[in-house]
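Colleague: Fold the following, please.
(one chain, ligands or ions: 2)
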Amino acid sequence: MIISGPCSAESEEQLLETCQGLKNEGIEIMRAGIWKPRTRPNNFEGHGATALDWVAQVKKELNVKFAVEVANPQHVELSLKAGVDILWIGARSTVNPFTVQEIADALRGVDIPVLIKNPINPDLALWLGAFERINNVGITKLGAIHRGFSSLQESQYRNVPAWRIPIELKSKFPELPILCDPSHICGNRELLLDISQKALDLNYDGLIIESHRDPDNAWSDASQQVTPKRLGEIVRALKIKAMTSDNSDFINILEELREQIDESDRDILESLARRMSLVEKIGEYKKSNDVTIFQVNRINDIFKSRKEWGSAMNLSEDFVEELYKIVHIASVKRQTEIMSSIPADTSTSD
Ligand code: PEP
Ligand code: MN
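Modeller: Ligands and ions are numbered 1, 2, ... in the order given. Sure, this is the predicted structure:
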């Protein structure tokens, strides 16, 4: 499923021309921002109800479906009246349970698909809460949009993908369709294909991508929009991989590799168990010699040397560091149990 259209509906001509171009590329569901949540005031904030008339007009002329963002009960009411087919809740609304509840209350008794973008902050519970609120009023056609998350870390992305969050959502609710919004993740058009392909490789159900007849002169999100023609090229370049294959060679080889993985995981756990029994021995030894558990120099040495060893074995430093944080917490916890009869407090052990 591909949804595409301009970040904002700027004029009737811009909307019609863009959607006509997209329809020529085989796109059947359009998107357009009618009310735009802008970070700073005095920017273009959408044409509101006027633009909904253009949506109705384009729907009629091109025989396409339309999705729009709603952020309050009035938006819901006007969009339903205009015959909008799909509603979505934007990232800035999903963060606010009051807003989501108001939207939910306006949707009571309505049968329309609702897509919920992830909240701006990487908080799965907040995203889940929004689904629960909308589902509680009887909306059953729900879908998720992964549009990335704000981050303090420097990144090539406008909003870091943090794939583990949508993956966790999908593993909790396998039936929930999930779309990726590479436009708002990337913030620039160069990275769109990569992120879209990655989403499909992770078995996403579709994409929502911004497209504009004249991207560089768009009134919002100019650098991430692409022409309908380019959108068509991106879609055609994407490879849809099968979840599995009937080919018996493929199945045999996969089976064999999985057996090797199982064996390797056994080795890992045996090594960890061996390490833990050494940790216990050290704990006893420190206890009988009245020495503290936590020894900064040793910890620093461990992190430094393990990262070096890992690098030499082609394991990323980040991975080794994360792994040793967990190993270290578990080791300190075990030693604390040995040293004292007071239950260990792991929250202070890292
Ligand atoms: C949009 O889709 O144009 C938009 C405002 O997105 P988000 O809510 O993801 O910021
Ligand atoms: Mn946008």
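Colleague: Tell me who's in contact with the residue in the stretch 101-250 of the chain that ligand 2 sits nearest to.
Modeller: Nearest residue of the stretch 101-250 of the chain to ligand 2: residue 221, at 3.8 Å (CB to the ion). (Each C-beta comes from the backbone N, C-alpha and C, glycine too.) Each residue near residue 221 by CB atoms under 8 Å, 6 or more residues apart in numbering is listed here: 7, 8, 183, 184, 210.
Colleague: By residue count, which helix of the protein is the longest?
Modeller: Ordering each helix of the chain by length in residues (DSSP state H) puts helix 248-288 first.
Colleague: what's the model's confidence in it, averaged?
Modeller: When pLDDT is averaged along helix 248-288, the result is 93.
Colleague: Could you do stretch 304-313 as well?
Modeller: For stretch 304-313, mean pLDDT rounds to 96.
Colleague: Would you mind pulling the contact partners of that stretch?
Modeller: Applying CB under 8 Å, 6+ apart, the contact partners of stretch 304-313 are 316, 317, 319, 320, 321, 324.
Colleague: shouldn't the last one be in contact with residue 302?
Modeller: Yes: checked against CB atoms under 8 Å, the pair residue 324 and residue 302 is within contact range at 6.5 Å.
Colleague: quick one: which of the contacts of residue 221 sit in helices?
Modeller: Short answer: the contacts of residue 221 in helices (DSSP H) are 183, 184.
Colleague: Name whatever forms a beta bridge with the residue nearest in space to the middle of the chain.
Modeller: For the chain, the residue nearest the mean C-alpha position is residue 146 (3.8 Å; CA atoms, centre = their mean). Under DSSP bridges, the beta-bridge partners of residue 146 are residue 180.
Colleague: now it: how far from residue 242?
Modeller: Per CB to CB, to the nearest Å, residue 146 is found 22 Å from residue 242.
Colleague: if we can go back for a sec, determine how far the longest helix of the chain lies from the middle of the whole chain.
Modeller: Computed by CA atoms, centre = their mean, to the nearest Å, the chain-centroid distance of helix 248-288 equals 31 Å.
Colleague: what's the following helix or strand after that helix?
Modeller: As assigned by DSSP states H and E, the chain's next helix or strand after helix 248-288 is helix 296-312.
Colleague: What residues of that next one count as buried?
Modeller: Of all the residues in helix 296-312, those buried under the rule 16 or more other CB atoms under 10 Å are 306, 307, 310.
Colleague: Residue 200: which of those residues is nearest?
Modeller: Residue 200 has its nearest neighbour among the buried residues of helix 296-312 in residue 310, at 30.7 Å by CB to CB.
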